[in-house]
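A.B. asks: Got a predicted model here, sequence first, then my questions.
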Amino acid sequence: MLKTMASRVETLESRLATPAVAPASGWKRLLADWAVVGGAETVGQALGVVTSILLRMLLSPAQMGVWQALKVFLNYANYANLGVSKGAARDYAVALGRGDTAEAQRGLSLAHTVNTLSSLAFALALAGAAVWVGSTGGPWAGTWAVGLVLVGGMAVVQRYVTFQVTILRSKQAFWATSRVAVLEAVLTLTFCGLATWLWGLAGLFLGTLAVMGGSLVYVHLCGAPWLGWAWDAKAIGRLIAVGSPILLAGTVATLFRSLDKLMILAYLPDREFQLGCYSVALLVTTQLYGLGNMLSIVLGPRFGEKFGQTGSRPEVALLAARTTELLAAAASLPAGLALVAAPPLLAALLPDYQTGLAPLAWLVPGVVGLSLALPAGQYLIAVDQQGRALAAVIVATVLAAVGNHLALTAGCGLAGVAAATGMANAAFFVISARVSLWGELSALERLRFVLMLALAVAPVLGLALAIECLWPSAPGNWAGMAARMLTVTAAWGLSVALGWRYGGWGAMLRRRT
């Protein structure tokens, strides 16, 4: 009987062992990039929290309100080029895999030209708005007018720096982009903090411009190319055709991720209070999604490079499937810890917000699904099927809207919103995988994909949910919280050990090509 069991284990191990697939630069380089980007993101987030608190200490609520509104206008500048830069970056990553970047380099120059002209047009539009606002004579009219003019200048510099960072990421120069991110966080804290202390809101404007100027200089010190000017209406049209679905999918995805907040504001009578409580759960899930998004940043260029190298969608899909497994293993531990640690911790720190903690049971598993959908979307961009990514997020947004409407009209409150949102996030992952990887994988590879994701996620989240539901910890019970965290960590370690041994993760990560 022991021989029979051993034989079955060997058969299972051989069936689950990963086929020979690896990024062009190898798995070790991928893990190193994950570590670098992750460390930089952690430092940046910590400095960002300190900066946010400092600025709110130095500015009045009204001044901070003006600044937050102006930042919204600054974000709109990202949509001014109709996706040309995204299309050019995608083509460049594919060309790197082919080893022929001449045409792609020309596409970068075209995108640089469109970026510059469109951001200048955006700046002129803000200048016109500044003239109109300044003529109204309101108490904050002068501040708004100056702010709009300066934001126009910021938009031009920001678009240039952002595009250069995108190019560096396409070249997999993540050490460089991570240094840029940390530099921006440090400069923002020092320059903006000092300038705001000295000159108030005007100092914040000037400090932000100085930070952007420092980032511009530093990206070139890190190896960003100096781009020339070029114009070809036909080629620009093609880049728009490639990049606009990517841009539109990102825009709809932003709506998808904020739909629960918008519907709380639209449906509930005490909307401000309810959204305030719900924001406690969002504080946790935003960090978890930020982790998944941060880790996925290094995958997109590798998928494009692999497609340029092989021209094979099935091979790129297999690479995307394997990286999704590793992402699931990385995301499940912080998600499980959040389920057992966040409720007692936040209940002790923010007792008035306790009604916002129950949604975590739905939102945390949902945000794991949302994170796992990222490699599928990047695969579709790499193989020039970005229209499918747009279709997937549109369907998921409709599902979320219908689910939230039903929950709110049925009086289910925040728990109902969280349940609808969590299920919509999970559905988004399923839809994304179905329209991307699934059709390119063999039946055995599909089985492996499902089993390995279940192994990475189900034991950890299942145990964490069971613990919190059956034995909820009381606020301030730190010993109980620590015991729960150790139990969840042990379950995660067992899952990873099984995946390493029987799922072929160990052999896969040791493979160089």
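C.D. replies: Nice, I can see it. Residues are numbered from 1 along each chain as shown.

A.B. asks: Residue 153 contacts residue 209, doesn't it?
C.D. replies: Yes - Residue 153 is within contact range of residue 209, at 6.7 Å (criterion: CB atoms under 8 Å). Heads up, the C-betas are built off the backbone N, CA and C, glycines and all.

A.B. asks: For residue 259, the count of nearby residues, please.
C.D. replies: The number of residues packed near residue 259 is 20, by other CB atoms under 10 Å.

A.B. asks: Identify the residues contacting residue 442.
C.D. replies: Contacts were defined as CB atoms under 8 Å, 6 or more residues apart in numbering; by that measure residue 442 touches no other residue.

A.B. asks: following the biggest helix by length in the chain, which helix or strand shows up next?
C.D. replies: Longest helix in the chain by number of residues (criterion: DSSP state H): helix 313-349. Per DSSP states H and E, helix 313-349 leads on to helix 360-372 as the next helix or strand towards the C-terminus.

A.B. asks: I figured residue 245 hits residue 82, correct?
C.D. replies: No - look at residue 245 against residue 82 with CB under 8 Å: they stay out of range, at 10.9 Å.

A.B. asks: okay, the two: which has more neighbours?
C.D. replies: More crowded of residue 245 and residue 82, by other CB under 10 Å: residue 245, with 23 against 19.

A.B. asks: which residues does the more buried one contact?
C.D. replies: Shown in contact with residue 245 (CB under 8 Å, 6+ apart): 83, 386-387, 389-390.

A.B. asks: what's the closest of the residues you listed to residue 495?
C.D. replies: Out of the contacts of residue 245, the one with the shortest distance to residue 495 is residue 389. That distance is 29.0 Å, counting by CB to CB.

A.B. asks: residues in contact with the closest one?
C.D. replies: 245-246, 249, 376-377, 380-381, 432, 436.

A.B. asks: hmm, back to that, let me know the closest of the contacts of residue 245 to residue 339.
C.D. replies: For residue 339, the nearest member of the contacts of residue 245 is residue 389. The distance, counting by CB to CB, is 29.1 Å.

A.B. asks: Just the pLDDT at that closest one, thanks.
C.D. replies: On pLDDT, residue 389 comes in at 87.

A.B. asks: so it, which of the three states?
C.D. replies: helix (DSSP: H, G, I helix; E, B strand; the rest coil).

A.B. asks: if I look at it, how far off is residue 468?
C.D. replies: Shown here: residue 389 relative to residue 468, a distance of 34 Å by CB to CB, to the nearest Å.

A.B. asks: same thing with residue 320?
C.D. replies: According to CB to CB, residue 320 stands 32 Å off from residue 468.

A.B. asks: Repeat that for residue 400.
C.D. replies: Taking CB to CB as the measure, residue 400 falls 24 Å from residue 468.

A.B. asks: Then residue 413?
C.D. replies: Distance check for residue 413 against residue 468: by CB to CB, it reads 19 Å.

A.B. asks: Report the spatially nearest residue to residue 246, omitting neighbours in sequence.
C.D. replies: residue 86 (4.5 Å; CB to CB, 6 or more residues apart in numbering).

A.B. asks: contacting residues around the one you found?
C.D. replies: Counting by CB under 8 Å, 6+ apart, residue 86 touches 166, 242-243, 246-247.

A.B. asks: Residue 147 now?
C.D. replies: If you count contacts by CB under 8 Å, 6+ apart, residue 147 has them with 66-67, 70, 130, 201, 205.

A.B. asks: on that earlier part again, can you add secondary structure, neighbour count and pLDDT and give the contacts of residue 86 back as a markdown table?
C.D. replies: Supplementary listing: the contacts of residue 86 in a markdown table, determined by DSSP: H, G, I helix; E, B strand; the rest coil; neighbours: other CB atoms under 10 Å; pLDDT from 0 to 100:
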| residue | secondary structure | neighbour count | pLDDT |
| --- | --- | --- | --- |
| 166 | helix | 23 | 86 |
| 242 | helix | 21 | 77 |
| 243 | helix | 24 | 78 |
| 246 | helix | 22 | 74 |
| 247 | helix | 21 | 75 |
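
A.B. asks: Understood, closing this out.
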